[in-house]
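A.B. asks: structure for this input, please:
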Amino acid sequence: MASAPQWLASAASNVVAKTVNGGLADLRPMPRTLIDRGPNRSVYRLAPRGKTLDGPPVLLVPPLAAPALCFDLRRGCSLAEHLVTGGRRTYLVDYGTVAFSDRGLGVEHWVDEVLPRTIRAVSEDAGGQPVHIVAWCLGGIFSLLTSAAQPTLPVASIVSVAAPFDMTAVPLFAPIKPLANVADGLLFTAAYRLLGGAPRQLVKRVFQLSAIDKVVTKPYAILTHLDDADFLAQLEAVDRFTDNMIAYPGRTFGQMYHHFFRANDLANGAVDLGGRRIALSEVKQPVLVIAGRGDSIAPQRAVHRLVEVLENAEDMRFEVCPGGHLGVLTGRAARNSTWRHIDDFLDERTA
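C.D. replies: Numbering: from 1, shown residues only. Alright, predicted model coming up:
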């Protein structure tokens, strides 16, 4: 434990950095090159400038509504940086912003168009090699539905981090479930149709609500960690992340509400989309499932349901790691837990 003079010196230095020098977090993005672009997708190859990485490609798939910088939060707490510095050929898909004009886009747009085209572009850029997917939250759900719907895609394996598949196990939804059932869900349907989806400010507030205890105690946490530059830098990076939340398109939000939330179809292993039924039992690739020990958006039981419905996966792993919904992916503890499990899983398949 630091002495009082040391604590004061570190605290003073951090306060100056935050108030005068613009902050403590190194928010520089990983260098990237655009390799493919289309509606709702920009696909990047991540690599140090002037250096080409070899080996099987790893594609980072974010969820809707959350910015793609979830994988590149800040230097030192960036899964993208970790993979690239570890020598992996790493790619990222970014959906961009969602406008009111996108309100007619449904889940099948991402499952049939955005992700398949992204996967093929990454495979082609990597010389035709199959793609290892690392996805977070809804990105994991969409990646698995894509693999199930299009089994000929060049997908080598899937890592799904903090993706809930049993909505009855999500306590955040319990208080609004009675309202959601009013008039067979017509109240909520009318609301999201009027708004064209879920506005970004609403998405931001729901994310903050999931960690309300941390929001309430944040001022105290800052005061008691004024000497901890890494802790303060992480808070800055998370604040930037939440400030960049994105809206959900209306039709996609409606399908998620009716199929994922009200009917809990994912827990039963199949979803009706675009006039056909997509069964998760069709996923044949090896899958690593990771849950956050303190995650209130995707609790362990909600995440573990995936293990039970992926009955035909070549290999199935389930790990519980420290952190909340974002923390399990890119918190300070993720460096020695989640990322280690991802490395081990990929190493077994790329040796």
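A.B. asks: how about the contacts made by the residue nearest to the spatial centre of the chain?
C.D. replies: Among the residues of the chain, the one closest to the centroid is residue 136, at 2.8 Å (C-alpha atoms, centre = their mean). By C-beta atoms under 8 Å, 6 or more residues apart in numbering, the residues touching residue 136 are 61, 62, 63, 66, 70, 71, 161, 162, 163, 329. For every residue, glycine as well, the C-beta is placed using N, CA and C.
A.B. asks: report the two of those residues separated the most.
C.D. replies: 71 and 163 (14.6 Å; C-beta to C-beta).
A.B. asks: tell me which residues of stretch 267-274 come out buried.
C.D. replies: Within stretch 267-274, the residues that count as buried by 16 or more other C-beta atoms under 10 Å are 267, 269, 270, 271, 273.
A.B. asks: helix or strand for residue 295, which one?
C.D. replies: When elements are assigned from DSSP states H and E, residue 295 belongs to no helix and no strand.
A.B. asks: please identify which pair of the buried residues of stretch 267-274 lies farthest apart.
C.D. replies: Largest separation among the buried residues of stretch 267-274 by C-beta to C-beta: 267 and 273, giving 16.0 Å.
A.B. asks: of the contacts of residue 136, which one scores lowest on pLDDT?
C.D. replies: Minimum pLDDT for the contacts of residue 136 is recorded at residue 66 (86).
A.B. asks: phi first, then psi, for residue 81.
C.D. replies: Residue 81 adopts backbone torsions of phi -60, psi -40, taken as degrees, to the nearest 10.
A.B. asks: now it: closest residue in space that isn't a chain neighbour?
C.D. replies: In space, and not counting its chain neighbours, residue 81 is closest to residue 30: 5.6 Å by C-beta to C-beta, 6 or more residues apart in numbering.
A.B. asks: okay, now the unreliable bits of the protein?
C.D. replies: Scanning the chain for pLDDT under 70 picks out 1-3, 5-22, 172-227, 351.
A.B. asks: what about stretch 51-66, how long is it end to end?
C.D. replies: By C-alpha to C-alpha, to the nearest Å, the extent of stretch 51-66 from end to end equals 29 Å.
A.B. asks: just stretch 257-275 next, same as before
C.D. replies: 17 Å.
A.B. asks: so how far is that stretch from its chain's centroid?
C.D. replies: 20 Å (C-alpha atoms, centre = their mean, to the nearest Å).
A.B. asks: quick thing: my sequence starts at 52, can you match it?
C.D. replies: From this message on, residue numbering opens at 52, which makes the last subject stretch 308-326.
A.B. asks: which residues touch stretch 85-102?
C.D. replies: Against stretch 85-102 from outside (C-beta under 8 Å, 6+ apart): 81-84, 104, 131, 134-135, 140-147, 149, 153, 156, 160-161, 164-165, 168-169, 172-173, 176.
A.B. asks: buried subset of the residues you listed, written for PyMOL?
C.D. replies: Burial among these is assessed by 16+ other C-beta under 10 Å; the matching PyMOL selection reads:
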select buried, resi 81+83+104+131+134+135+140+141+142+143+144+145+146+149+153+156+160+161+164+165+168+169+172+173+176
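A.B. asks: quick one: which of the contacts of residue 187 is nearest to residue 300?
C.D. replies: Set against residue 300, the nearest of these by C-beta to C-beta is residue 114 (13.0 Å).
A.B. asks: check the secondary structure at the closest one for me.
C.D. replies: Recorded secondary structure, residue 114: coil (DSSP: H, G, I helix; E, B strand; the rest coil).
A.B. asks: for it, what are its contacts?
C.D. replies: 121, 186, 187, 188, 189, 190, 191, 193.
A.B. asks: burial measure for residue 296, as a count.
C.D. replies: 20 (other C-beta atoms under 10 Å).
A.B. asks: does it lie in a helix or a strand, and which?
C.D. replies: Applying DSSP H and E, one finds residue 296 in no helix or strand.
A.B. asks: what ranges does the stretch 302-402 of the chain have for its strands?
C.D. replies: 321-324, 327-330, 338-343, 367-372 (DSSP state E, counting those that start in this stretch).
A.B. asks: I'm done for today, thanks for sticking with me.
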